[in-house]
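*Asks:* Coordinates only, no sequence provided:
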């Protein structure tokens, strides 16, 4: 029997009000690297099914499943050739249905990755579009003639000088039809033309099909790139290059809001339960994000913004810059304040597109356990929806890759190849940068145990297992109350139990301190004080809070020994973090 719209719905936490989705914790599964059930070296749906009880034990509310659709795997599944089927490398639709049933049976929800800015060049839509300049589906994608006076297929003849996010021009010459097609990402990922209403209706139909099958929402890949600014025009080229970043022509384009409101009307409106909608939005500003996530506008629940994970980048992700803690915490605070009361934040340190958080933001050496816990504490105690990326809950770190032969990611492989051909980059320095920030660090297999293959597979994994799996793995941390895994479970439980975590106001303390991260969360019945030492030396500091905090209780700490202080005068050990509650 359908649940009336607006009525409470049953979740793992019991009967909930409609806005209690804000208390959910999301766990991202990157299927290729999560668990391999058949020994072929690639993770699959049955592998996930075998680990559902583990996800349940974390307190997970929602599982975000990266793409498992049919795909040539040019970009590990983000190039989709059939939106309504499962790629055989991952299993079958029957396997998917079983996974969905297993999650629902334990009170968890499933969010699918939705990739509709582009398809695979092997998708039937594109094959039809490519078949002839007069094909009925020609304008389902972006096709254009060569630049006037230029010969198609030669450098500089592209319709615009946009560069691809995966290196080289963003236009691919199609000799048989005498035109270029647009691909912001790989040449095997042609961009859909959302200006065409037939394209939008086909996408909406597919989304309804998955929701009718029982899924609970979508994480929408680069959904702020679906509206292009017309006409498509040149941008400023990079020094020494024919091409430059084309983001001004497609990031948060003029019809982006219109398209998302239409999607809401056509797909989500009127459904009996809340459909979780998350928009990945590179380059989105705070003001834009507020519009996208204001509930009354009926666009999205939340967005993934990239500001905080770009602070250590220069011209590109491999142009590394020192990370300033004041800049990081002030950035996070700005988004807290800017979306308070109307929008909603996605909280994350890492995902399949970022290096491992403990290696990037923490200390993956002597203080690895303490810093992994502290990173989790600070993140989860902000307002918003926290995302746990697979393996972060056991402090998985960057892999010790030392040669290009060990990498698999199309982005870094293309970048290195282009730099090598240009001859204007120190390749040794570039390889060192890849060792710190490549996406492949997030994609090494989940470390389940200390055995061969880390418990991920009985075969040869598609990408090498991190050799530190003998020390950092799930089996080693299960049952250990001082482990990173246990700390994550306590954090999830705190969010579920204390409404201040979800609803409380936010105030950053000591914003310019180079090592202290401290903030207040203030609710009607209690307040939380979060304090953390982001450094490898002891920290002594007096906080600007009242003497009443001397009577506060410790609700969470990351070190085995009790805190040796009470606010406002703090003495924190290296990477120590403590959360106090004042009722």
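*Replies:* Noted; the coordinates are in hand. This is a predicted model, so every value here is computed, not measured.

*Asks:* Which elements pack onto the helix or strand harbouring residue 288?
*Replies:* Using DSSP states H and E, residue 288 sits in helix 286-293. Under the contact definition 3 or more C-beta pairs under 8 Å, 6 or more residues apart in numbering; DSSP states H and E, helix 286-293 sits against helix 256-263, strand 302-304, helix 325-339. In short, each C-beta sits where N, CA and C put it, glycine included.

*Asks:* any idea how far residue 552 is from the closest residue to residue 344 other than its chain neighbours?
*Replies:* Closest residue in space to residue 344, ignoring its immediate chain neighbours: residue 302 at 4.4 Å, by C-beta to C-beta, 6 or more residues apart in numbering. Using C-beta to C-beta, to the nearest Å, residue 302 is found at 31 Å from residue 552.

*Asks:* Now do the helices in the stretch 301-450 of the chain.
*Replies:* Counting by DSSP state H, counting those that start in this stretch, the stretch 301-450 of the chain has helices at residues 325-339, 357-360, 368-380, 410-422, 427-437.

*Asks:* Out of those, the one nearest residue 245 is which?
*Replies:* Closest to residue 245 of the helices of the stretch 301-450 of the chain, according to C-beta to C-beta: helix 410-422, at 13.9 Å.

*Asks:* Okay, angle between that closest one and helix 427-437 too, please.
*Replies:* Interaxial angle of helix 410-422 relative to helix 427-437 (axes from the mean of the first three to the mean of the last three C-alpha atoms, to 10 degrees): 170 degrees.

*Asks:* Need the phi and psi values for residue 152.
*Replies:* The phi/psi pair for residue 152 (degrees, to the nearest 10) reads phi -60, psi 140.

*Asks:* Can you check the pLDDT for it?
*Replies:* pLDDT, residue 152: 96.

*Asks:* Skipping its backbone neighbours, what lies nearest it in space?
*Replies:* Closest to residue 152 by C-beta to C-beta, 6+ apart is residue 146, at 4.0 Å.

*Asks:* Check the secondary structure at the one you found for me.
*Replies:* Put simply, residue 146 is coil when judged by DSSP: H, G, I helix; E, B strand; the rest coil.

*Asks:* again with residue 460
*Replies:* From three-state DSSP, the assignment for residue 460 is coil.

*Asks:* And for it, nearest residue in space, chain neighbours not counted?
*Replies:* In space, residue 460 is closest to residue 41, 5.0 Å off (C-beta to C-beta, 6+ apart).

*Asks:* Tell me which of the helices and strands packed on helix 286-293 sits most buried.
*Replies:* Across those, averaging neighbours per residue (mean count of other C-beta atoms under 10 Å) puts strand 302-304 on top, at a mean of 25.

*Asks:* Give me the contacts around that one.
*Replies:* 219, 224, 277-281, 284, 289, 292-293, 343-346, 348, 384-385 (C-beta atoms under 8 Å, 6 or more residues apart in numbering).

*Asks:* Could you give me the PyMOL selection string for whichever of the residues you listed are buried?
*Replies:* Command for PyMOL that selects the buried part of the contacts of strand 302-304, burial taken from 16 or more other C-beta atoms under 10 Å:
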select buried, resi 219+224+277+278+279+280+281+284+289+292+293+343+344+345+346+348+384+385
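
*Asks:* Inside strands: which ones of the contacts of strand 302-304?
*Replies:* 219, 277, 278, 279, 280, 346, 385 (DSSP state E).

*Asks:* would JSON lines of those residues with distance to residue 331 be doable?
*Replies:* JSON lines is the format used below for the ones in strands among the contacts of strand 302-304 (distance: C-beta to C-beta, whole Å):
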{"residue": "219", "distance to residue 331": "22"}
{"residue": "277", "distance to residue 331": "24"}
{"residue": "278", "distance to residue 331": "20"}
{"residue": "279", "distance to residue 331": "19"}
{"residue": "280", "distance to residue 331": "18"}
{"residue": "346", "distance to residue 331": "14"}
{"residue": "385", "distance to residue 331": "18"}
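
*Asks:* Need the max-distance pair from those residues.
*Replies:* Longest span within those, C-beta to C-beta: 280 and 385, 13.5 Å.

*Asks:* Identify the residue nearest residue 82 in space, chain neighbours excluded?
*Replies:* Nearest non-adjacent residue to residue 82 (C-beta to C-beta, 6+ apart): residue 70, at 3.8 Å.

*Asks:* ok, the one you found touching residue 81?
*Replies:* Yes. The pair residue 70 and residue 81 qualifies as a contact (C-beta atoms under 8 Å) at a distance of 5.0 Å.

*Asks:* In terms of helices and strands, where is the residue of the chain positioned farthest from its centre?
*Replies:* The centre of the chain is farthest from one residue, residue 149, which by C-alpha atoms, centre = their mean lies 42.7 Å away. Under the criterion DSSP H and E, no helix or strand holds residue 149.

*Asks:* residue ranges with poor pLDDT in the chain?
*Replies:* 1-18 (pLDDT under 70).

*Asks:* Nearest the geometric middle of it, what residue?
*Replies:* Short answer for the chain (C-alpha atoms, centre = their mean): residue 351, at 4.4 Å.

*Asks:* how near is it to residue 173?
*Replies:* Going from residue 351 to residue 173 by C-beta to C-beta gives 33 Å.

*Asks:* Then residue 66?
*Replies:* Taken as C-beta to C-beta, the span from residue 66 to residue 173 is 31 Å.

*Asks:* Residue 558 now?
*Replies:* As for residue 558, its distance to residue 173 is 55 Å (criterion: C-beta to C-beta).

*Asks:* More neighbours: which of the two?
*Replies:* When neighbours are counted by other C-beta atoms under 10 Å, residue 558 comes out ahead of the other of residue 558 and residue 173, with 27 against 18.

*Asks:* okay, the helices and strands packed on helix 286-293 in JSON lines with distance to residue 502 next?
*Replies:* Compiled in JSON lines, the helices and strands packed on helix 286-293 are given as follows (distance: least, C-beta to C-beta, whole Å):
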{"stretch": "helix 256-263", "distance to residue 502": "24"}
{"stretch": "strand 302-304", "distance to residue 502": "13"}
{"stretch": "helix 325-339", "distance to residue 502": "13"}
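
*Asks:* Of all these, which one is nearest residue 389?
*Replies:* strand 302-304 (12.1 Å).

*Asks:* Residue 554: neighbour count?
*Replies:* 12.

*Asks:* Give the full set of residues in contact with it.
*Replies:* By C-beta under 8 Å, 6+ apart, the residues touching residue 554 are 562, 563, 578, 579, 580.
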